[in-house]
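Student: What follows is a predicted protein model with its sequence.
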Amino acid sequence: MKRNLRIGWISAAAYATTGYGIVTADVVSRLIEEGYEVYSIGGIGGMVVWGGKFKFPTERGTVIPILPTRSDYAGSDVVFDYINRYKLDLIITFWDFFATSYCNDLPVPWIAWGPIDASFTSRMANYVREAFRVVAYSKFGYSQLLRFFPPVRVDYVPHGIDTDIFKPLGEDVRKEVREKLHPKPVSEDDFLILNVGANWGERKMLPLLMLVFKEFLEKHKDAYLYLHTNVAEAFPHGYDLLEFAREIGIIENIRYPRANTILDPATKQELAMLHNAADIYLSTSIGEGFGMPLLEAQACGVPCIAPDNSSQTELIQGHGWLTKEIEDFVFVPVWIPTLQGYRVPSMSALLEALEDAYNSPSKREDYAKRSREFSLQYSWDKIIPLWVKLLKEVEEDRAFLNCLKASSYPHLP
């Protein structure tokens, strides 16, 4: 079915294997299959080859047209030209709101779909003040948006997951993956803790996670921690996690990827196998816009431990361990210009949850089953209809039509 809207989707390009890029490919490919004309606007900034437009074939067989950005990764220097050149009717941004604030001046309507991982602030609201719709991908984020915007301007569309890839794969896969872990195997009877995420900035609190593991290891010598991340990131972007592991005396019980996950990222199938090898997934993040690894773990039948904050609460509550945070300290990072405050997870609470998970195999089994059942509501066949519904509402909105008519671009009705 051919639909009317021509959409520019601004994020990491669909071929990128970052969280933004993977979700972009997942959503954009399916919107194209629904009949929309969608362009993925993103790339590698100033290093892009001049005229480097191409079409990216996804694993689904859908071909996504790629339009590169140049000096600004979020596209401020090219999007105005692309709107006119490709006769775009609508822009959707899938970035942190501060990165795409220039979209307040676009000549066509704009949907801002972005992460909200802590209390929304007036500065964040200002970044999206002219957005036609501001869309959250967590229920937590949706509730925060309603503090600043009327319901007619706010919506909720969560991330989706391929539950045919991320699923329980059986004991044979668990054994196979454990035998191949780097730098040494882990036995079937050992207790394997998994964390997946980018070692980039402080938000994931990876050193705190490792300190919690150090305390746990003193009592449970059969415990191992797999860090699926870029473990040797350079200052000031991330931590040298292997050196930190040596410093605190846990290096022998740390497992990690053979290759740099930025240069040689795992496929979805490989990630699903990795999740299946774990006994528990542990997050120490101070805030998540969504928390895709949590959902992927649960879809594979792996229960999770996470701090009781942001979207992590709604993803874990009732079928995992939610841990309290330190009440008398608020962390306001300097590395994001939104002035949000974050609570820091309690190490003792995380350790207590780990102990309970270790000592309660029956509870882990129960949570595993319920986690899998919970994850099914995020399958793509349930999420894409929410996108189609939102786009149909936008297209039929009289204010949207008036905005198009007021545009200076002659191709618009």
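Tutor: Ah, there it is. Residues are numbered from 1 along each chain as shown.
Student: Can you name the element that comes right after the helix or strand containing residue 111?
Tutor: Element membership for residue 111, per DSSP states H and E: strand 110-114. The C-terminal neighbour of strand 110-114 among helices and strands, as given by DSSP H and E, is helix 122-127.
Student: what's the average pLDDT for that next one?
Tutor: For helix 122-127, mean pLDDT is 96.
Student: Just the buried residues of the longest helix anywhere in the chain, please?
Tutor: Across the chain, the helix with the greatest residue count (assigned by DSSP state H) is helix 380-396. The neighbour-count check on helix 380-396 (16 or more other Cβ atoms under 10 Å) flags 380, 383-384, 387, 390-391, 394-395 as buried. Every C-beta, even on glycine, is put in place using the N, C-alpha and C of the backbone.
Student: And stretch 137-156, by the same measure?
Tutor: Within stretch 137-156, the residues that qualify as buried by neighbour count (16+ other Cβ under 10 Å) are 137-138, 140-142, 144-145, 148-149, 153-155.
Student: Just those residues: which are in helices?
Tutor: Using DSSP H, the buried residues of stretch 137-156 in helices are 140-142, 144-145.
Student: Can you lay out those residues as JSON lines showing pLDDT and distance to residue 12?
Tutor: As requested, those are exported to JSON lines (pLDDT from 0 to 100; distance: Cβ to Cβ, whole Å):
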{"residue": "140", "pLDDT": "98", "distance to residue 12": "23"}
{"residue": "141", "pLDDT": "98", "distance to residue 12": "19"}
{"residue": "142", "pLDDT": "98", "distance to residue 12": "23"}
{"residue": "144", "pLDDT": "97", "distance to residue 12": "24"}
{"residue": "145", "pLDDT": "98", "distance to residue 12": "23"}
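Student: Do you have the helices of the stretch 201-350 of the chain handy? List them.
Tutor: Assigned by DSSP state H, counting those that start in this stretch, the stretch 201-350 of the chain shows helices spanning 206-219, 241-248, 268-277, 292-299, 310-316, 347-359.
Student: out of those, nearest to residue 161?
Tutor: Set against residue 161 and scored by Cβ to Cβ, those come closest in helix 292-299, at 5.5 Å.
Student: Would you mind pulling up the elements that the closest one packs against?
Tutor: Contact analysis of helix 292-299 by 3 or more Cβ pairs under 8 Å, 6 or more residues apart in numbering; DSSP states H and E lists strand 191-196, helix 268-277, strand 280-282, strand 304-307, helix 310-316, helix 361-375 as its packing neighbours.
Student: Let me have those in CSV, extended by distance to residue 252 and mean neighbour count.
Tutor: Conversion of these to CSV gives the following (distance: least, Cβ to Cβ, whole Å; neighbours: other Cβ atoms under 10 Å):
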stretch, distance to residue 252, mean neighbour count
strand 191-196, 14, 23
helix 268-277, 19, 20
strand 280-282, 19, 24
strand 304-307, 23, 27
helix 310-316, 30, 24
helix 361-375, 25, 17
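Student: Can you give me the domain boundaries for this structure?
Tutor: Split into domains by automatic domain parsing, the chain comes to 6-160+379-406, 171-377.
Student: Setting the sequence-adjacent residues aside, check what's closest to residue 102.
Tutor: residue 76 (4.2 Å; Cβ to Cβ, 6 or more residues apart in numbering).
Student: Dihedrals phi and psi, the one you found?
Tutor: phi -60, psi -20 (degrees, to the nearest 10).
Student: If I look at it, what pLDDT would I see?
Tutor: With respect to pLDDT, residue 76 has a value of 93.
Student: separation between it and residue 106?
Tutor: From residue 76 across to residue 106, the span is 10 Å (Cβ to Cβ, to the nearest Å).
Student: The two: which has the busier surroundings?
Tutor: residue 106 (22 against 18; other Cβ atoms under 10 Å).
Student: Next, work out how far apart that one and residue 94 are.
Tutor: Applying Cβ to Cβ, the value for residue 106 to residue 94 is 15 Å.
Student: what's the answer for residue 308, then?
Tutor: Separation of residue 308 from residue 94 (Cβ to Cβ): 27 Å.
Student: Tell me which of these two has more neighbours.
Tutor: Taking other Cβ under 10 Å, residue 308 and residue 94 do not tie; residue 94 has more neighbours (24 against 17).
Student: Could you report the neighbour count for the spatially closest residue to the more buried one that is not a sequence neighbour?
Tutor: With sequence-adjacent residues excluded and distances taken as Cβ to Cβ, 6+ apart, residue 94 is closest to residue 11, at 3.8 Å. Applying other Cβ under 10 Å, we find 29 residues neighbouring residue 11.
Student: low-scoring stretches of the stretch 201-350 of the chain, by residue?
Tutor: Scanning the stretch 201-350 of the chain for pLDDT under 70 picks out no residues.
Student: picking up where we left off before, so which of the ones in helices among the buried residues of stretch 137-156 comes closest to residue 68?
Tutor: residue 141 (29.2 Å).
Student: Please list all residues in contact with that closest one.
Tutor: Going by Cβ atoms under 8 Å, 6 or more residues apart in numbering, residue 141 touches 115-117, 120, 156, 289, 310-311.
Student: re earlier: now for the strand holding residue 111, which elements pack on it?
Tutor: When contacts are defined as 3+ Cβ pairs under 8 Å, 6+ apart, strand 110-114 packs onto strand 90-93, strand 133-136.
Student: Adjacent strands (with direction) for that strand?
Tutor: Sheet pairing of strand 110-114 (DSSP bridges) gives strand 90-93 (parallel), strand 133-136 (parallel).
Student: could you dump those to a markdown table with distance to residue 268?
Tutor: Putting those into a markdown table (distance: least, Cβ to Cβ, whole Å) gives the following:
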| stretch | distance to residue 268 |
| --- | --- |
| strand 90-93 | 23 |
| strand 133-136 | 24 |
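Student: on that earlier part again, of all the buried residues of stretch 137-156, which comes closest to residue 18?
Tutor: Scanning the buried residues of stretch 137-156 for proximity to residue 18, where the rule is Cβ to Cβ, the winner is residue 137, at 15.6 Å.
Student: Since that was my last question, I'll sign off now.
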